[in-house]
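Q: Task: produce atomic coordinates for the following.
(2 chains)
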Amino acid sequence: MLSETIELRGHIIDSLILPKVLDEIITHGGSFKITEIKIGENRADQSFARIEVRGPSAAALDDLILRLRQHGAEVVEKKSVQLAAAPADGVFPQEFYTTTNQQTFVRLDDGEIEVQPALMDCAIVVDRTARKATATKFCGVKKGMEIVVGHKGIRVIPQQRSISRKDAFEFMAGNVSIEKPKSVVIREIAREFKRAREEKGKILVVAGPAVVHTGAAEHLEKLIEQGYVNLLFTGNGLAVHDIENALYGTSLGVQLEEGEVAEKGRENYMRAINVIRGAGGIRAAVASGLLTSGIMYTCVKHGVDFVLAGSIRDDGPLPDVITDALNAQEAMQAKIGGVTIALMMGTMLHSIAVANLLPATVKMLCVDINPGVVAKLADRGTFQAVGLVTDLEPFLRELAGCIESDR
Amino acid sequence: MRKLLLCAPDHYGIEYEINPWMSRARGADTPVVQAQWRGLHAKLLSLGCEIDLIPPQPKLPDMVFTANAGLTVGRRFIPSNFRHKERAGEAPFFAEWMEQRGYEVVWLPPDQFFEGEGDALFAGDALFCGYKFRSDVSAHRTVGEILNCLVISVELVDPRFYHLDTCFCPLTDGGAVWFPAAFDEYGQRTIRDHVPNLIEVVEDEAAHFSCNAVVLEREIVLPEGAPKLVKSLGERGFNCHPLPMTEFLKAGGACKCLTMFMPQRETAA
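A: Here you go, the predicted structure:
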């Protein structure tokens, strides 16, 4: 939304000018934020209000400002952003502005441009001719690109709590405790999943191999089958353990049904990798009938897109794994459009990496048995993060159960 | 004894059209103009007013409407910044005249339109100011700063009632006469909140400019054509003096428009 800042001075309270101006903004399709207000104390004292007015389009905003001027509103002149050229490929100019994951606008000449995407820890590259502002990571910058420096002409719209509806994400915001009434929270989360699906929002799952170790794979598969997972970001570990389980009934050599270490169990793990490498990848293994169950199989069968990002401890890895960290970031970035909920389970580094890519509008749910991991993820300055300290199996079992029973 | 400023209608006529009442096709009848103005002058004298006369100027036909000269409080005079260029030429004459009589002349910034007592009337302890058609809210603010008083700005919405003094007339008992439909809903609410004992004027009588009245303690000089209002005011203990004002109505003015108080109040607070 485009915005202008106006100032009102005078006896704006006694004359009802302030309420009139605010009413007029709303009735003409705009919205406002009072950024400063001073009320006169004595009868003759004048009052002051600075108001940020947002309009649905440039024309609507102009029309609205024209109306507000009649009531004495003065428009605060805005300053354009300051730009400096990148001194070399992959290097930002000194004093570059660092982005947040919140909706951001930059003022260029007489208009505002929204920075796309809402991505944190980037610089803003401005293309004056195309009138585009792009959040760009180090690797995307080329020498001479014009980059925003300082804080002038930048407007960040903080993610606000809804006042009309309270959901688990807002209610629990940022609060991590092992004493939370988990069933209540999980029921709320199930409702959020349903709401996201009804509103055509995408649900992203970021998961570590613990999902398989704890025996929770079947519950995640259920969620995938029922259409509650639209995107899976994971690594070599989860995929290999899941496939090992599908092929041999073990995870890292442990029989998941009985909990006993299988004879030559470790070999199962390595064999699973070899089978998929031989098939040419997970999708090929499913197509040829080699892989017939498990999380990865269910994803392929239900058309759920996945990105496997590599790490230095990977065995194999599977041919589907992207081993270049920057390429993996890009691959994930390319797919997160439309995501409204991110469920992060049993992986700290992978979850942090994904959280860094998400705009502040995405609701994040972090589940881990380690309170430190949950706290680290939930405390990301967003209003919409819920942390749950719990084992993954009971969590996923209850979530899948809630979704099924509510159907 | 109230001191008033009037201007003889020697150059008065409908020479341009800057409000819905004016039509050059419907000119003023000069002998009747003179008779009606003399009638007002005589009535105000008879009610004990001291009247100063500013010399009329050629090519400034509306100078007769002295209420728009400016606003006088104590010995301070805030001249008007007329919105229409047709009337802008009046301002220096009024300012010079007031200055020569020892008033401190305080000009508003030139980009803030303000049409004097026509849009600024004290009621209770506040100065009520009309805006949109002629005066600006920004000017009200500056007037409030100069006079250090509470200024209530009200929006005028009916172009027939383009000045506050055409639809709002404070009374000396703290109440006021008004035509509510001339104001937007916020203005109506504000006036109802701040002014007790309001007397509403019906549309037909408002169209005769019956709110455009000169209030002198219990005596009220107003245009003819408002029998209901005269009755209501009589019941409140006021003596009404209706006068024929037909020739001035052709320019969108009547008794109050032809008069400026010197001063309207001794102090603003």
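Q: Could you list every helix and strand in contact with the longest helix belonging to chain A?
A: For chain A, the longest helix by residue count, based on DSSP state H, is helix A:182-198. When contacts are defined as 3 or more C-beta pairs under 8 Å, 6 or more residues apart in numbering or on different chains; DSSP states H and E, helix A:182-198 sits against helix A:168-171, strand A:202-207, strand A:339-345, strand A:385-389, helix A:392-405. Every residue, glycine included, has its C-beta placed from N, CA and C.
Q: Least reliable of the ones you listed by average pLDDT, please.
A: Between those, the lowest average pLDDT goes to helix A:168-171, which shows a mean of 53.
Q: about what we covered before: now the angle from the longest helix of chain A to helix A:392-405?
A: On the basis of axes from the mean of the first three to the mean of the last three C-alpha atoms, to 10 degrees, helix A:182-198 is oriented at 60 degrees to helix A:392-405.
Q: quick one: which of the helices and strands packed on helix A:182-198 is nearest B:V214?
A: Closest approach to B:V214 among those is made by helix A:168-171 (62.5 Å; C-beta to C-beta).
Q: any idea how far the closest residue to chain B within the stretch 51-200 of chain A lies from B:N148?
A: Going by C-beta to the nearest C-beta, chain B is nearest to A:G72 of the stretch 51-200 of chain A, at 3.2 Å. To B:N148, A:G72 is 19 Å away according to C-beta to C-beta, to the nearest Å.
Q: go on, A:G201?
A: Distance from A:G201 to B:N148, counting by C-beta to C-beta: 57 Å.
Q: dump the residue contacts of B:A207.
A: Contacts for B:A207 (C-beta atoms under 8 Å, 6 or more residues apart in numbering or on different chains) come out as B:R160.
Q: Just give the number of residues close to the residue of the stretch 101-250 of chain B found nearest chain A.
A: Across the stretch 101-250 of chain B, no residue is closer to chain A than B:V137, which sits at 3.2 Å (C-beta to the nearest C-beta). By the criterion of other C-beta atoms under 10 Å in any protein chain shown, B:V137 has 26 neighbours.
Q: ditto for the one 10 residues further on
A: The local packing count at B:L147 equals 23, with neighbours defined by other C-beta under 10 Å.
Q: Show the average pLDDT along stretch B:244-254.
A: Mean pLDDT, computed over stretch B:244-254, is 96.
Q: circling back: these two touch, right, the residue of the stretch 101-250 of chain B closest to chain A and A:I17?
A: Yes. Counting by C-beta atoms under 8 Å, A:I17 is a contact partner of B:V137 at 7.0 Å.
Q: what ranges do the strands span in the stretch 201-350 of chain A?
A: Along the stretch 201-350 of chain A, counting by DSSP state E, counting those that start in this stretch, strands occupy A:202-207, A:231-235, A:250-251, A:254-255, A:305-309, A:321-322, A:339-345.
Q: nearest to chain B, of these?
A: Across the strands of the stretch 201-350 of chain A, the minimum distance to chain B, taken as C-beta to the nearest C-beta, is reached by strand A:339-345, at 40.4 Å.
Q: strand partners of that closest one, parallel vs antiparallel please.
A: strand A:202-207 (parallel), strand A:363-368 (parallel) (DSSP bridges).
Q: Need the winner for burial among these.
A: Among the strands paired with strand A:339-345, strand A:363-368 has the highest mean neighbour count (mean count of other C-beta atoms under 10 Å in any protein chain shown), at a mean of 27.
Q: so what secondary structure elements neighbour the helix or strand following that one?
A: The helix or strand immediately downstream of strand A:363-368 is helix A:371-378, counting by DSSP states H and E. Packing partners of helix A:371-378 (3+ C-beta pairs under 8 Å, 6+ apart): helix A:348-355, strand A:363-368, strand A:385-389.
Q: The spatially closest residue to B:L171 that is not a sequence neighbour - how many residues pack around it?
A: Computed as C-beta to C-beta, 6 or more residues apart in numbering or on different chains, the closest residue to B:L171 that is not its neighbour in sequence is B:V215, at 5.9 Å. Residues near B:V215, counting by other C-beta under 10 Å, number 23.
Q: Tell me which residues touch B:V215, please.
A: Counting by C-beta under 8 Å, 6+ apart, B:V215 touches B:169-172.
Q: any idea how far B:F238 is from it?
A: B:V215 is 8 Å from B:F238, where distance means C-beta to C-beta.
Q: Which neighbours do these two have in common?
A: Contact with both B:V215 and B:F238 is made by residues B:L171, according to C-beta under 8 Å, 6+ apart.
Q: where does the residue nearest to the spatial centre of chain A fall, phi/psi-wise?
A: Geometric centre of chain A, nearest residue: A:L358, 2.9 Å, by C-alpha atoms, centre = their mean. Backbone torsions of A:L358, given as degrees, to the nearest 10, read phi -90, psi 140.
Q: wait, doesn't it sit right on A:I352?
A: No. Using C-beta under 8 Å, A:L358 is not in contact with A:I352; the gap is 10.9 Å.
Q: ok so, going back, more neighbours: A:G201 and B:N148, which one.
A: With neighbours defined as other C-beta under 10 Å, A:G201 and B:N148 compare such that A:G201 has more, 18 against 13.
Q: give the contact list for the residue nearest to the more buried one when sequence neighbours are not counted.
A: Setting aside the residues directly before and after it, A:G201 is nearest to A:T340 in space (C-beta to C-beta, 6+ apart), at 3.0 Å. By C-beta under 8 Å, 6+ apart, the contact list for A:T340 reads A:196, A:199, A:201-203, A:361-363.
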